[in-house]
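Engineer: Output the structure for:
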Amino acid sequence: WAVVGRLTVVAFGGIFSLSGAIGGIFGQNFGARRYDRLRSTYRDAILFGLIYTLVAWAVLALSSGAVIDAFALSPQGAEVVRSFAFVGAGGFVFAAALFVSNAAFNALGRPGRSTLTNWLRDGVLTLPLGLVLAGGFGASGVIYAQAGASLLAGTAAALWGWHFVTGLSRQQLPPLDLAPPRPYAHADRFRRR
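Structural biologist: Next up, the predicted model:
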């Protein structure tokens with residue numbers, strides 16, 4: 001598990017940073033009422049997550065033997081690393097979709113939806129899938145459960161996020177150029193001269 005944890009951070013650091021990187025872009029485009037850019041940002045971030053994951057997945061699959069040898073893993077440890085490199089890493093396609101939708105929800109005023117989709121994956125789906133799949137596949141089943149939970153929650157979050165982002169253009173929002181608030185009448189009243 002320690003090796004898989006290290007591989008996850010190294011291989012998928014770009015996916016983890018994606019949601020933090022695009023939140024501001026969502027907010028700026030929403031503030032500018034550029035809904036076309038909002039949609040393209042969402043789409044492009046999902047596409048980036050897909051391509052990044054496919055490349056990282058291929059590298060992990062090709063280098064799994066070298067990783068197993070480098071860490072001198074036992075046969076059971078080698079099985080877990082192979083399960084991650086050949087199956088579990090693919091789940092990050094859907095984890096990336098979850099992270100992108102979370103960034104959109106958080107930046108655009110719906111953080112409860114982000115919380116709900118994360119709890120769906122981590123609190124509702126992972127444990128039952130882990131219990132079922134570990135019973136049939138051993139330790140590798142836990143890897144499969146994490147990928148399965150990401151698949152279900154990530155797909156749901158991506159579709160919900162896309163529906164949300166595309167629906168923003170139909171909302172009525174106040175005008176952008178509001179009059180500035182009136183300054184305090186006695187701003188210099190307590191200032192020393």
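
Engineer: tell me how far the longest helix belonging to the chain is from the chain's mean position?
Structural biologist: Scanning the chain for the longest helix, with DSSP state H as the assignment, gives helix 35-70. In terms of CA atoms, centre = their mean, to the nearest Å, the centre of helix 35-70 is found 12 Å from the chain centre.

Engineer: Stretch 103-115 too?
Structural biologist: Put simply, stretch 103-115 sits 12 Å off its chain's centre (CA atoms, centre = their mean).

Engineer: for the one helix or strand residue 76 maps to, which positions count as buried?
Structural biologist: Using DSSP states H and E, residue 76 falls within helix 75-86. The neighbour-count check on helix 75-86 (16 or more other CB atoms under 10 Å) flags 77, 78, 79, 80, 81, 82, 83, 84, 85 as buried. From N, CA and C alone the C-beta is placed, and that goes for glycine too.

Engineer: Outside of stretch 123-137 itself, list whatever touches it.
Structural biologist: Applying CB atoms under 8 Å, 6 or more residues apart in numbering, the contact partners of stretch 123-137 are 83, 141, 142, 144, 145, 146, 148, 149, 152, 153.

Engineer: how does it look with 10 Å?
Structural biologist: 79, 83, 87, 116, 119-120, 140-153 (CB atoms under 10 Å, 6 or more residues apart in numbering).

Engineer: For the residue positioned nearest the centre of the chain, give its distance to residue 86.
Structural biologist: The chain has residue 99 as the residue nearest its centroid, 1.5 Å off, counting by CA atoms, centre = their mean. From residue 99 across to residue 86, the span is 23 Å (CB to CB, to the nearest Å).

Engineer: Same check on residue 95?
Structural biologist: Residue 95 is 17 Å from residue 86, by CB to CB.

Engineer: Apart from its neighbours in sequence, what residue is nearest residue 68?
Structural biologist: residue 78 (4.6 Å; CB to CB, 6 or more residues apart in numbering).

Engineer: Thought residue 66 was touching that neighbour, still the case?
Structural biologist: No. Counting by CB atoms under 10 Å, residue 78 does not reach residue 66; the two are 11.8 Å apart.
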